[in-house]
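Novice: Provide a 3D model corresponding to the input given below.
(one chain, ligands or ions: 2)
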Amino acid sequence: MIKVSVVGAKGRMGGNVVNAVNDASDTELALALDAGDDLTRITPDNTDVAVEFTVPSVSLGNVLTLIGQGVDVVVGTTGWTDEKLDQVRAALAQAPRPNQSVFIAPNFAISAVLTDHFAGLAAKYFESAEVVEMHHPDKVDAPSGTAIHTAHTIADARKAAGLAPVPDATETDGGSRGQTVDGIHVHAVRLRGLNAHEEVLLGNPGEQLVIRSDCFDRGSFMPGVLLAVRKVSAHPGVTIGLNNLLDL
Ligand SMILES: NC(=O)c1ccc[n+]([C@@H]2O[C@H](COP(=O)([O-])OP(=O)(O)OC[C@H]3O[C@@H](n4cnc5c(N)ncnc54)[C@H](O)[C@@H]3O)[C@@H](O)[C@H]2O)c1
Ligand SMILES: O=C(O)C1=N[C@H](C(=O)O)CCC1
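Specialist: Ligands and ions are numbered 1, 2, ... in the order given. All right, here's what the predicted structure looks like:
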C-alpha cells in the first residue's frame, strides 16, 4: 500500500483526493492537513507520497517543507515559475533521502493533457493561435496554469518550426486581447456553472482548428492524481506534466 498524505485536504481538490485515496485499493490515507496544520507531522514513517493542492501563494513553501521531511511530493497547485522551480531543484539537491521526487502537473485530466499535446502537434501548421480558458468564478488565479502551459507548448512548436509571430494589427487594447504568454494571447473567462475548460484556436486563411477540453467534474482529475502517486518515486528530481507519465 502507498501511504498518502494530503495537504489542502479541506479544499475542493484536496477533498476529492482524500476520497480517491480512500477508494483506491493500493493507496491508504495517512494525514489530511490544511491551513494552520504543522506539515512536519508528515514523515517517511507515516507517508510515502504527499499530495499538495493549496493556493499558489503558499505552495512553494509547502513543497520545500515536504522535501525537507524526506517524502516524495505530487503537486497540483498552479502558479509555478522558473524561479520557483529552481528553488525546488535546489532543495531536492539537499534532500534527506537520495532520489527524492517532486511531480508537478498543471492539469491531471486526460482531456486537458491531450489538448495540450495535440496543440503542440498542430501549432506549426497554423499562422494564428490563441488560447481561451474558462473556469468557475471561485478560482483565484488567471490565466489558468493549464493555459499558461499550453501557450508555452504552442510557442515552443512555433519557434522550432521557425514561424513568424502571430499576426495582430491591434493598435489600441484596453485588455481585451488577453494576456500574452510567450507570444500567444491567452483569455480567461470566469462563469458560474463552469468547472475547468480550455479551447485552443488555430487559424489559417479560410480554415480553423479548435481543440477543446471540458472537465465538468473534479473527478476527472483523480485518475491522473493516482497515476502520479503510483509513479512519482520512479522519477527522481522534478518532473512537470502528466504527459511524462503517459505513452504519448
Ligand atoms: N492540477 C490540476 O489538475 C488541478 C485541478 C484543479 C485545480 N488545480 C489547482 O489546485 C489548486 C487548489 O484548487 P482548489 O479548487 O482545490 O482550491 P480551494 O481553495 O478549494 O482549496 C485550497 C485549500 O488549500 C488550503 N490551504 C491554504 N493555505 C494552506 C496552507 N498554507 N497549508 C495547507 N493548506 C492550505 C485552503 O484552506 C483550502 O482548503 C489551485 O491552484 C488550482 O488551480 C489544479
Ligand atoms: O479549478 C481550478 O482552479 C483549476 N486549476 C488548474 C489550472 O489553473 O489550470 C487546472 C484546471 C482547474
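
Novice: helices or strands next to the lengthiest helix in the chain in the packing?
Specialist: When the chain is parsed with DSSP state H, its longest helix is helix 145-160. On a contact count with 3 or more CB pairs under 8 Å, 6 or more residues apart in numbering; DSSP states H and E, helix 145-160 meets helix 110-122, strand 128-135, strand 179-181, strand 184-190, strand 196-204. C-beta here means a position set from N, CA and C on the backbone, and glycine is covered the same way.

Novice: Can I get the longest one as PDB, trimmed to CA atoms?
Specialist: Looking back up the chat, that one is helix 110-122. The C-alpha trace of helix 110-122 is given here as PDB (Å, rounded to 0.1, in the frame of the first residue of the first chain):
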ATOM      1  CA  ILE A 110      -6.500  13.300 -19.700                       C
ATOM      2  CA  SER A 111      -8.600  15.600 -21.900                       C
ATOM      3  CA  ALA A 112      -6.600  18.600 -20.900                       C
ATOM      4  CA  VAL A 113      -3.300  16.800 -21.200                       C
ATOM      5  CA  LEU A 114      -4.200  15.600 -24.700                       C
ATOM      6  CA  THR A 115      -5.500  19.100 -25.700                       C
ATOM      7  CA  ASP A 116      -2.000  20.400 -24.800                       C
ATOM      8  CA  HIS A 117      -0.300  17.600 -26.700                       C
ATOM      9  CA  PHE A 118      -2.500  18.000 -29.800                       C
ATOM     10  CA  ALA A 119      -2.000  21.700 -29.800                       C
ATOM     11  CA  GLY A 120       1.800  21.100 -29.800                       C
ATOM     12  CA  LEU A 121       1.400  18.800 -32.800                       C
ATOM     13  CA  ALA A 122      -0.800  21.200 -34.700                       C
END
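
Novice: So that helix, near ligand 2 or not?
Specialist: No - Helix 110-122 stays clear of ligand 2 (CB under 6 Å from any ligand atom), getting no nearer than 6.9 Å.

Novice: Okay, angle between that helix and strand 184-190 too, please.
Specialist: Angle of helix 110-122 versus strand 184-190, following axes from the mean of the first three to the mean of the last three CA atoms, to 10 degrees, is 160 degrees.

Novice: before we move on, the earlier item: and the helices and strands packed on helix 145-160: which comes nearest residue 247?
Specialist: Shortest distance between residue 247 and the helices and strands packed on helix 145-160, using CB to CB, is found for helix 110-122: 11.4 Å.

Novice: Not counting its own residues, what contacts that closest one?
Specialist: With CB atoms under 8 Å, 6 or more residues apart in numbering as the contact definition, helix 110-122 has outside contacts at 107, 129, 146, 149-150, 153-154, 156-157, 196, 198, 200, 202, 209, 211-215, 220, 223-224, 241-243, 246, 248.

Novice: Check which residues of that helix are buried.
Specialist: 110, 111, 112, 113, 114, 115, 116, 117, 118, 119, 120, 122 (16 or more other CB atoms under 10 Å).

Novice: do stretch 90-102 as well
Specialist: Neighbour counts over stretch 90-102 (16+ other CB under 10 Å) mark 91, 92, 95, 100, 101, 102 as buried.

Novice: Which single one of these is nearest to ligand 1?
Specialist: Nearest to ligand 1 out of those is residue 102 (CB to the nearest ligand atom; 13.8 Å).

Novice: All set, thanks.
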